[in-house]
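>>> Below are the sequence and a predicted model; questions follow.
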Amino acid sequence: MTGEIEPQKARAAAWFRALRDDILSAFVAIEDKHSSGPASDLAPGRFERTQTQRKSTRGEDAGGGCMNVMRGGRVFEKVGVNVSVVHGELGARAQSAMAARGVPGMETDPRFWATGISLVAHMRNPHVPAVHMNTRMFWTPHAWWFGGGADLNPCIEYKGDTTHFHAALAAACDAHDPGYYGRFKSWADEYFFVPHRGRARGVGGIFFDDLNTGNWEADFAFVQSVGKAFLPAFLPLVDRRRETPWSDEDRDTQLIHRGLYAEYNLVYDRGTKFGLESGHDANAVLMSLPPLAKWV
């Protein structure tokens, strides 16, 4: 299929854009709905849209995307929802990393194409969990695969929220393969661990990469299910907690936890490293960082 995949590329890129639009609409609706409780006196947040461009090392157009960021909302202190379609040649370090993962042909042909959606939400109320979600498709001349996942990052954990989030992701996985959830949950537990702190950055979720069963349609359908599961997994948690009063101590706990999140993304996150090394817009890559954080 590697030589006949242009229609699949177009479908994947269109899907990620459509998912982006659904999420933006849902988040704006939350802002408008929050008319009582903490921070309801603020103007409802709105997204600022910025087109991003990527240039190759030779200065040629290498694709780009659209960065959508809301700052200072009633419910969302900062949330970014980005989509991109990029292409070009991998740098030496990215090429070596993919070759080490077993991607065929990397040693001789560094060309690539990728599309995806990436979302990180940092909430105003410390009782509402932060959240991350991304899904993507990657192509090289000798291979294609999907990757992504979602994880919940509360600074004040509610067990019921954790259970609900995982149940929604498990249902999305189970509809395609009964082994996916257990496998991808374990992968997330390992991937989102912060070694220098000896703890996870949140309460987990799912993570997968290099997904290629040989059936593009089946793998794409699974990735779509993960994307569709995000809003039902997250929105009920926002509605449960967005009007909960919070204290200065709660806010302090939130800012310290955000410091942990920032440490992980800057030191370990594979997507952050790839985005910066491949020359993508730095503001879009670093969109995941919180608006405020604190270290003790």
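Cool, got the structure.

>>> Regarding the residue of the chain positioned farthest from its centre, what are the backbone dihedral angles?
The centre of the chain is farthest from one residue, Thr108, which by Cα atoms, centre = their mean lies 30.5 Å away. The phi/psi pair for Thr108 (degrees, to the nearest 10) reads phi -120, psi -20.

>>> next one: the one 4 residues further on
Here the main-chain torsion angles of Phe112 (degrees, to the nearest 10) amount to phi -150, psi 160.

>>> hey, C-alpha coordinates of stretch 220-236 in CSV?
What follows is stretch 220-236, C-alpha atoms only, in CSV (Å, rounded to 0.1, in the frame of the first residue of the first chain):
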residue,chain,number,x,y,z
PHE,A,220,-8.0,4.0,10.9
ALA,A,221,-11.4,3.0,12.2
PHE,A,222,-9.8,2.4,15.6
VAL,A,223,-8.1,5.8,15.6
GLN,A,224,-11.4,7.4,14.8
SER,A,225,-13.0,5.6,17.7
VAL,A,226,-10.4,6.9,20.1
GLY,A,227,-11.1,10.4,18.8
LYS,A,228,-14.8,10.0,19.1
ALA,A,229,-14.4,8.7,22.7
PHE,A,230,-12.6,11.8,23.9
LEU,A,231,-15.5,14.2,24.5
PRO,A,232,-17.7,11.6,26.2
ALA,A,233,-14.7,10.7,28.4
PHE,A,234,-13.9,14.3,29.4
LEU,A,235,-16.9,16.5,29.2
PRO,A,236,-18.9,14.9,32.1
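
>>> what about it, distance to the chain center?
Its chain's C-alpha centre and that of stretch 220-236 lie 12 Å apart, by Cα atoms, centre = their mean, to the nearest Å.

>>> list the buried ones in it?
220, 222-227, 229-231, 233-234 (16 or more other Cβ atoms under 10 Å). The C-beta positions use only the backbone N, C-alpha and C, and glycine is treated the same way.

>>> swap in stretch 7-16?
Neighbour-count burial for stretch 7-16, with 16+ other Cβ under 10 Å as criterion, is recorded at 8-9, 11-13, 15-16.
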